[in-house]
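Chemist: Model the following, please.
(one chain, ligands or ions: 1)
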Amino acid sequence: MRILIEENYEAMSKKAALMVAGQILLKPNSVLGLATGSTPLYMYRELVRMHREEDLDFSSITTFNLDEYVGLNQDNINSYHYYMFDNLFNHVNIKKENIFIPDGMAENLYEECKRYEKLIKDRGGIDLQILGIGKNGHIGFNEPDLKFEATTHVVELDDETIKANSRFFSSIDEVPRRAISMGIKTIMHSRKIILLASGEEKAEAVKKAIFGPIIPGLPASVLQLHPDVTIILDREAAMYV
Ligand code: GLP
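Modeler: So this is what the prediction gives:
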């Protein structure tokens, strides 16, 4: 694991954006795995700026998002579809047919998981996966569990996650209870991984992910087994590192 500690959230985000831009320059037809949540927001802003001011070219890029809520349609402002178009895809020259996000409205969710997993394989796997981390150590929507869930699957969200994510909704009752998420194996098969964490509230999970035992109870701890992980932290998230 490479651990980079940056002064603040902006510096952390810029470092991550530079690494993503480097990946795109080195391999213009890269497959990127993308995350949502508040942590990568500024990184996306920076990538949009690089597209506008420095001609960063997304025309041959393919993207797969980590997860999506079950039951929110694509126009719902809280869906990860909406988030991705609003924060990145509407502002860069990526081709629509190269954008993949699990369909949380699919009639048969289990078929949707299988379809998504196959799509990732068919596109040659993920070159660079961006991850955030939940306060409980989740990655994507892989919640702490008794075993690592391998492939794309339907998840029952933890109360803690529902509470944490309720800040984006007008009431906690509106937060979906289920989601579709790439599995641990899906994530671990990515060739490179960047995990971002910002703020004091993530410090404990970050410490356990890096130094703790590798256990499904702290899903991010599995990253210790990956050969090419870069963890980019701001000072607060790195307070125990
Ligand atoms: C969400 C997402 C994750 C994200 C995490 C942290 O529930 N499913 O992909 O990394 O929680 O979110 P935030 O960056 O807003 O703290």
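
Chemist: What is the neighbour count of residue 30?
Modeler: Using other Cβ atoms under 10 Å, the number of residues around residue 30 comes to 21. C-beta here means a position set from N, CA and C on the backbone, and glycine is covered the same way.

Chemist: Same question for residue 25.
Modeler: Neighbours of residue 25 (other Cβ under 10 Å): 11.

Chemist: go on, residue 209?
Modeler: So residue 209, with other Cβ under 10 Å, has 25 neighbours.

Chemist: got it, and residue 52?
Modeler: 11.

Chemist: residues contacting it?
Modeler: By Cβ atoms under 8 Å, 6 or more residues apart in numbering, residue 52 lies in contact with residue 91.

Chemist: What distance do you get for it to residue 27?
Modeler: With distances taken as Cβ to Cβ, to the nearest Å, residue 52 is found 22 Å from residue 27.

Chemist: what's the answer for residue 167, then?
Modeler: Distance, residue 167 to residue 27, by Cβ to Cβ: 36 Å.

Chemist: Same check on residue 81?
Modeler: In terms of Cβ to Cβ, residue 81 sits 26 Å off from residue 27.

Chemist: Which of the two has more residues huddled nearby?
Modeler: Neighbours per residue (other Cβ under 10 Å) separate residue 81 from residue 27, with residue 81 holding more: 24 against 14.

Chemist: Tell me the first helix or strand C-terminal of the helix or strand of the chain with the lowest mean pLDDT.
Modeler: Lowest by mean pLDDT, DSSP states H and E among the helices and strands of the chain is helix 159-165, with a mean of 92. Next helix or strand after helix 159-165 toward the C-terminus (DSSP states H and E): strand 178-181.

Chemist: Same question for that next one: list its buried residues.
Modeler: For strand 178-181, burial by neighbour count (16 or more other Cβ atoms under 10 Å) applies to 179, 180, 181.

Chemist: average pLDDT for the helix or strand just after that strand?
Modeler: Counting by DSSP H and E, the next helix or strand C-terminal to strand 178-181 is helix 184-188. Helix 184-188 comes out with an average pLDDT of 97.

Chemist: C-alpha coordinates for helix 184-188, CSV please?
Modeler: These are the backbone C-alpha positions of helix 184-188, laid out as CSV (Å, rounded to 0.1, in the frame of the first residue of the first chain):
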residue,chain,number,x,y,z
ILE,A,184,-15.1,-7.5,-3.0
LYS,A,185,-13.8,-9.7,-5.7
THR,A,186,-15.0,-7.3,-8.4
ILE,A,187,-13.1,-4.5,-6.7
MET,A,188,-10.0,-6.6,-5.9
